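Student: predicted model, plus sequence, below.
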Amino acid sequence: MLPLGRVLRAHGLRGLLRARLEVEDSSWLKPGLKLLVGTKDRELCRFGPAPGGAPNYLIAFTGVDSRESAEELNGLEISIERDQLPELEDEFYIGDLVGLQAFTSDGAELGEVLEVFTLAGRSMLRLHCGLIPLDGPVIESVDFDKGEVTFELPEGLFEAQS
């Protein structure tokens, strides 16, 4: 499962949700797509940009047809099975980094990438040694065959987290 984002809140009276999704291209998000919301599978029945545009979207799921049922989903993470995502050429999904061994550009081992998540609107990676924010050019290289990712990290990043 790869995280896509999070339900922000109910929108209106008929089960519509406002969600923040970390997707560059949302054209593949179509009715009938199965998503995991919290711990429950949900079928997408409507999807579109929210006022103000990306990364905020208005979404509806089959069976969520009232404000009350929508409010039960507030704050839940939205994820998708990796095999439902379109294939990319010369790119990768950030969730594909989970399980790779991480290194700094000077060769220091950081450990395994444990999790990708969103915190205050920022994509983050959790490693045993700390958190790496993914805003900016921090990924230097990825070698899926070797199972490695190399980061160009800001000086003092992990000292600040201690």
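Tutor: Right, received. Where do you want to start?
Student: going forward, measure contacts between C-alpha atoms and count neighbours the same way
Tutor: OK.
Student: partners of the host helix or strand of Phe103 in the sheet?
Tutor: In the assignment (DSSP states H and E), Phe103 maps to strand 101-104. Sheet pairing of strand 101-104 (DSSP bridges) gives strand 109-119 (antiparallel), strand 148-151 (parallel).
Student: mean neighbour count, those strands: which tops it?
Tutor: strand 148-151 (a mean of 21; mean count of other C-alpha atoms under 10 Å).
Student: ok, which stretches of this protein are helices?
Tutor: 67-71, 157-161 (DSSP state H).
Student: mean pLDDT lowest where, among those helices?
Tutor: The minimum mean pLDDT among the helices of the chain belongs to helix 157-161 (a mean of 57).
Student: looking at the strands paired with strand 101-104, which has the lowest confidence?
Tutor: strand 109-119 (a mean of 85).
Student: what pLDDT does the residue of the chain positioned farthest from its centre get?
Tutor: Distance from the C-alpha centroid of the chain, by C-alpha atoms, centre = their mean, peaks at Asp106 (27.9 Å). Asp106 is assigned 89 on the pLDDT scale.
Student: and the gap between it and Leu58?
Tutor: Distance from Asp106 to Leu58, counting by C-alpha to C-alpha, to the nearest Å: 43 Å.
Student: likewise for Arg42?
Tutor: 15 Å.
Student: Glu87 now?
Tutor: Distance from Glu87 to Leu58, by C-alpha to C-alpha: 25 Å.
Student: next one: Gly15
Tutor: 10 Å.
Student: again, but for Leu29
Tutor: For Leu29, the distance to Leu58 - C-alpha to C-alpha - is 12 Å.
Student: these two - which one has more neighbours?
Tutor: It is Leu58, of Leu29 and Leu58, that has more neighbours when counted by other C-alpha atoms under 10 Å, with 21 against 17.
Student: right, and the more buried one touches Ala50 too?
Tutor: Yes. The criterion here is C-alpha atoms under 8 Å, and Leu58 meets it with Ala50 at 5.1 Å.
Student: what touches both of those two?
Tutor: Residues touching both Leu58 and Ala50 (C-alpha atoms under 8 Å, 6 or more residues apart in numbering): Arg18.
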